[in-house]
Structure formats: C-alpha cells, structure tokens
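Peer 1: here is the input, now give the coordinates:
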Amino acid sequence: MQQVRDVNGTQLAVVRPASGGFPRHSHDDYVISTNLCGREAVRLDRASFEVDLDEVTVYNPGQVQSCTTRTPDGTAFTCVSWYVPPAALTALTGGAPVDFERPVVRSAPLRAELLRAVRDLPGGDPALIEERLTLVLLRLLDLAGTGRAGDSTLDDARIASVLDRLRADLSSPPSVAGLAEDAGMSREHLIRSFTRATGCPPYAWHLQARLAEGRRRLRRGEPVADVAHALGFADQAHFHRHFTAAYAVTPGRYRRINI
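Peer 2: Below you'll find the predicted structure:
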C-alpha cells in the first residue's frame with residue numbers, strides 16, 4: 001500500500017497489492033474504491049461481480065471480500081481505496097445506520113471526484129478536499145441505495161442564515177465547523193443541507209464568492225496583491241492558483257484586459 005493519507009478521520013490510499021489481488025478479508029470501516037489500472041473479479045459475501053474502470057465500489061463494514069485482477073501486460077493492478085469509519089456516515093444521516101445495498105455504482109462524475117481528491121491531496125486545500133469527499137459520500141448515499149432514515153427536509157432558515165453570513169464576510173475562508181455550530185447543526189449535516197440548497201458545499205461556495213469579488217476588484221484596477229490580501233488568500237500565489245483554475249486566466253492578465 002502506498003500514499004496513505006489521513007483526511008478528517010478517514011484514510012485515503014493508493015493501493016497496489018503485490019499479489020495483484022486480495023485474499024478473503026474484511027474491514028471495520030466502509031471501503032469505497034475505484035480502479036486506476038486493471039479490472040477486478042470480486043467475491044463479496046455470497047455475491048460475485050466484475051468491476052470495470054468506470055465504476056466505484058462500496059463495501060459495508062464486516063463484509064467479506066476478495067478479488068482477482070486483470071491488467072494490461074507490463075502493468076500492475078492499482079486502485080484508490082477510501083476507508084470511512086461508520087461514524088462519518090451516520091453523521092450524514094442524523095444517526096441512522098447506513099447499509100449500502102448496491103456494491104457497485106457506475107458513475108463517471110463520482111469516480112472523477114474521488115480521483116480528484118487523491119490528486120489534490122499533496123499541497124491541496126484541506127477544507128476543499130474534505131468537502132469534496134463529503135460530497136462523494138452524499139452521492140453514494142443517493143446512488144448506492146441504503147436503509148438510512150435520513151431527514152430530507154431542508155432547514156431553509158438555517159441555511160439562509162449561513163448564506164447571509166458567508167456573503168457578509170469575504171475577507172477570509174470560513175470555518176465550516178464554526179458555521180455548523182452556530183447554526184445548531186453537525187458539520188456533515190450543514191454540508192449536506194447547504195449543498196442540496198445551493199448545489200455547492202459551503203467552503204467551496206464561499207471560495208467562488210471570494211473569487212467573484214476578486215474579479216470585481218481587479219476590474220476596478222486594484223493591485224493583484226491587494227485583492228489577494230483583502231480576500232483572505234494566503235498570498236498572491238494562492239490567489240493566482242484558484243483564480244486561474246476558476247477562470248482560465250491569470251489575475252494579472254484579467255486586470256490588464258479590463259482596465
């Protein structure tokens with residue numbers, strides 16, 4: 001196993017088993033995986049199925065799993081596996097236990113989000129990565145089918161209050177845990193409700209709002225460094241990276257062509 005990273009109480013790993021597959025085993029955590037190289041023939045409890053490169057698997061704690069793999073000549077089977085403690089799932093469902101009914105989900109966007117989190121881990125924004133992974137869990141809850149008894153009713157007043165607070169202060173990144181505490185919600189419940197209300201988790205939503213404000217300030221001719229500082233980016237390079245990723249143009253060039 002290589003590149004194991006702890007992310008908010010979970011473990012995200014790029015796995016390349018020396019034997020090419022896995023013997024019978026089980027985990028205490030949920031195991032969410034997607035293959036980077038190779039295909040699997042999986043045995044899960046009494047079920048058997050194939051897993052291709054465009055699919056995501058999710059196994060419940062305690063399920064006995066094993067697999068054999070096939071890879072192109074000269075390559076090694078490699079997958080991304082995310083180990084999620086049960087408490088992380090129940091936090092999203094308000095305490096209701098989660099039992100995924102479908103072990104395989106074919107979803108290119110879901111797979112892309114999981115791989116993006118792995119790719120961004122070295123040096124990436126931890127808050128954005130945590131939010132992205134929380135969204136992966138939320139989408140899995142929708143796609144994989146569960147016995148959860150979650151509350152689907154959005155608390156509009158609390159989410160509206162959070163939005164007002166985020167809009168009112170673009171000078172620094174928000175603390176999602178602090179927002180959740182003030183709103184009387186768990187962090188996971190806030191991310192879930194906020195995303196369903198706005199289509200975007202709170203930290204990412206606020207980052208986009210800060211970048212939009214950055215564009216307005218650059219059009220007014222404010223220096224890039226001043227804009228980066230005023231909007232709470234760590235430095236000009238930090239602002240440059242997020243701005244360019246969002247708008248495909250550097251802040252400096254955007255300023256020059258707009259004043």
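
Peer 1: which residues in the stretch 1-150 of the chain form strands?
Peer 2: Ranges of strands within the stretch 1-150 of the chain are 2-7, 10-15, 22-25, 30-37, 39-44, 47-51, 55-59, 65-70, 78-84, 104-106, based on DSSP state E, counting those that start in this stretch.

Peer 1: pick out the shakiest of those, pLDDT-wise.
Peer 2: The minimum mean pLDDT among the strands of the stretch 1-150 of the chain belongs to strand 2-7 (a mean of 74).

Peer 1: how is the protein divided into domains?
Peer 2: 3-148, 154-256 (the TED database).

Peer 1: picking up where we left off before, need the strands of the stretch 1-150 of the chain in JSON lines (columns: mean neighbour count and distance to Thr250).
Peer 2: No exception for glycine: its C-beta is placed from N, CA and C like everyone else's. Listed next are the strands of the stretch 1-150 of the chain as JSON lines, based on neighbours: other CB atoms under 10 Å; distance: least, CB to CB, whole Å:
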{"stretch": "strand 2-7", "mean neighbour count": "12", "distance to Thr250": "30"}
{"stretch": "strand 10-15", "mean neighbour count": "18", "distance to Thr250": "31"}
{"stretch": "strand 22-25", "mean neighbour count": "12", "distance to Thr250": "45"}
{"stretch": "strand 30-37", "mean neighbour count": "21", "distance to Thr250": "32"}
{"stretch": "strand 39-44", "mean neighbour count": "19", "distance to Thr250": "41"}
{"stretch": "strand 47-51", "mean neighbour count": "14", "distance to Thr250": "41"}
{"stretch": "strand 55-59", "mean neighbour count": "24", "distance to Thr250": "35"}
{"stretch": "strand 65-70", "mean neighbour count": "18", "distance to Thr250": "43"}
{"stretch": "strand 78-84", "mean neighbour count": "21", "distance to Thr250": "31"}
{"stretch": "strand 104-106", "mean neighbour count": "17", "distance to Thr250": "38"}
